[in-house]
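> Generate a structure from the sequence data that follows.
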Amino acid sequence: MKVLIAGASGALGTPLTRALIAAGHEVLGLARSPESRDHLSHLGAHPILANVMDRDDLLRAVKGVQADAVIHALTALKKALMRHQDMYATNALRDGGTMNLLAAAREVGARKFVAESMTLGYGYGDWGEKIITEDGPFAPAGRSSQLERHVAALRSLERQIWEATQAGWIEGISLRYGYFYGPASLVPILEMLRRRSLPLPDRGRAVTSWIYLEDAAAATVAALERGKAGEAYNIVDDEPVRNTDFFTFLCQQAHLPMPFLLPGWMMRPLAPLATDFFTTSMRVSNAKAARSLGWKPVVAPTYRQGIQQALLVLDQQESMSSAGERR
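Below you'll find the predicted structure:
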C-alpha cells in the first residue's frame, strides 16, 4: 500500500515509518520543517511539506497525490506534561487536525484511516481491579473542566472517524495506545530521576498500562493490514504495572535513586496534569488486538524487557558517540 502518515517523524511515526517500509509499503510523510523533511528522506519516506492545522495548505500539498491509507499519528508532546495547557496543542490536533486529515484522505483517494487514540480516553481516575476492554464506554465526561477538555479531544477524534466510516467512504480504525516509552522518551525521565525532580504522586500506587514504541509501530502496521472498519483496539503490553514497580526497576537498571513518593495533594499545585496522569489507575487488556490483528508485543511483552532494551540502546548510542569523538 501507499500510506500517507501525519506525524511520520515523531516518536511513534519514526519506528512506524521504518516498520511500514520493511513490510513493503510505500510511505509518504507529512513534514512541517526542513529538518523533518530531511529526517523522513533519510528513513526512506517521501516527504510532503504541509501544516496539518492549515486545511488549505494541507489540501494544496496533497493535491495530485494518491494514497491507499492515511495514518494520523500527530501529537505535540515535546516536553514532560506538567500543566493542563501542555496538552492543548495535542487536543487541537485530535480535534481540528483529524477533520483536516479526513479531508486530505478524501483528496488522495484513501480507503483506510488509522488514528492514534489513547487509553486515557476511558477516563482519568482509579479503575481499581476492573479490566478495561474496548467494550466499555469511551470518552465519558471528564471529572473537571480541564480533564473534560482532554477527553473531549479524544471523543472528537473517534466520533469523526466513526462518522466517516458510517458514511461509507473510508474505513476508520482507532488505536488506543497505552503510555509510550522507548530510548528517546526515557532520556528526559532519566535526567529528572538523576536530579531527583520526578516525584510519584499518590505514593506510586496507581497501575499503568505501557507500550514500547516499536511494539506500538508493529501494532499499527497490523491494524492497517488486518484491522476492521469501525473498530477500536487497545494497544498495550501484557502486564499492567504499579508505578512504584516500574520506576523501581528502571532506577535499579539505570543505577539511579528512586523518585520521592508524595501524596497527590502535595504534588497537584506544582504539576496538576502529571498528577492526573500518574494517579490514573487502569488495567488495560490487549486481548482484542491479539485475537483480531494477530498482534502481540514482541520487543517488550512487559516493562522489564522494555526498560532493559531501551537502556541497552541508549548505552550503544553513547558508546558510538564516544568512539566518534575519539576519532
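
> separation between Gln146 and His39?
Gln146 sits 33 Å away from His39, taking C-beta to C-beta, to the nearest Å as the criterion. Where C-beta positions appear, they are placed from N, C-alpha and C, glycine not excepted.

> And the strands in the stretch 101-250 of the chain, which stretches?
112-118, 126-132, 171-177, 179-181, 200-201, 207-208, 210-212, 231-235, 241-242 (DSSP state E, counting those that start in this stretch).

> Dump those strands to a markdown table, plus distance to Ala310 and mean pLDDT.
Conversion of the strands of the stretch 101-250 of the chain to a markdown table gives the following (distance: least, C-beta to C-beta, whole Å; pLDDT from 0 to 100):
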| stretch | distance to Ala310 | mean pLDDT |
| --- | --- | --- |
| strand 112-118 | 20 | 98 |
| strand 126-132 | 25 | 96 |
| strand 171-177 | 17 | 98 |
| strand 179-181 | 7 | 96 |
| strand 200-201 | 19 | 94 |
| strand 207-208 | 16 | 98 |
| strand 210-212 | 8 | 98 |
| strand 231-235 | 18 | 98 |
| strand 241-242 | 15 | 98 |
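
> Give the buried residues for stretch 50-67.
Using 16 or more other C-beta atoms under 10 Å as the test for burial, stretch 50-67 gives Ala50, Val52, Met53, Arg55, Leu58, Leu59, Ala61, Val62, Ala67.

> again, but for stretch 71-79
Ile71, His72, Ala73, Leu74, Thr75, Ala76.

> Between its first and last residues, how far does it reach?
With C-alpha to C-alpha, to the nearest Å as the measure, the ends of stretch 71-79 fall 23 Å from one another.

> What of stretch 265-284?
Using C-alpha to C-alpha, the span of stretch 265-284 from its first residue to its last is 26 Å.

> what's in contact with it?
Contacts of stretch 265-284 with the rest of the structure, by C-beta atoms under 8 Å, 6 or more residues apart in numbering, involve 80-84, 86-87, 119-120, 122, 124-132, 146-147, 176, 178, 199-202, 204-209, 234, 236, 240, 243, 264.

> can you check stretch 302-319 too?
Applying C-beta under 8 Å, 6+ apart, the set of residues contacting stretch 302-319 from outside is 181-183, 186-187, 210, 212, 237-239, 241, 245-246, 249-250, 253-254, 299-300.

> on that earlier part again, and the buried residues of stretch 71-79, which of them are in strands?
In strands, judged by DSSP state E, the following of the buried residues of stretch 71-79 are found: Ile71, His72.

> Tabulate the buried residues of stretch 71-79 (JSON lines), appending pLDDT and distance to Thr279.
Output for those, formatted as JSON lines (pLDDT from 0 to 100; distance: C-beta to C-beta, whole Å):
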{"residue": "Ile71", "pLDDT": "98", "distance to Thr279": "31"}
{"residue": "His72", "pLDDT": "98", "distance to Thr279": "28"}
{"residue": "Ala73", "pLDDT": "97", "distance to Thr279": "27"}
{"residue": "Leu74", "pLDDT": "95", "distance to Thr279": "27"}
{"residue": "Thr75", "pLDDT": "93", "distance to Thr279": "22"}
{"residue": "Ala76", "pLDDT": "88", "distance to Thr279": "23"}
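
> Drop anything exposed from the contacts of stretch 265-284.
For the contacts of stretch 265-284, a burial check counting by 16+ other C-beta under 10 Å picks out 84, 86-87, 119-120, 122, 124-125, 127, 132, 146-147, 176, 178, 199-202, 204-209, 234, 236, 240, 243, 264.

> Any of the contacts of stretch 302-319 buried? List them.
Burial of the contacts of stretch 302-319 was assessed by neighbour count (16+ other C-beta under 10 Å); the buried members are 181-183, 186, 210, 212, 237-239, 241, 246, 249-250, 254, 299-300.

> shaky segments in the protein?
323-327 (pLDDT under 70).

> on that earlier part again, and the two most separated of the buried ones among the contacts of stretch 302-319?
Taking C-beta to C-beta, the two most distant members of the buried ones among the contacts of stretch 302-319 are Asp238 and Ala254; they sit 22.7 Å apart.

> Show me the beta-bridge partners of the closest residue to Glu231 other than its chain neighbours.
Using C-beta to C-beta, 6 or more residues apart in numbering and skipping the chain neighbours, the partner closest in space to Glu231 is Ile173 (6.0 Å). Note on Ile173: beta-bridge partners by DSSP bridges are Val114, Glu231.

> That'll do, ta.
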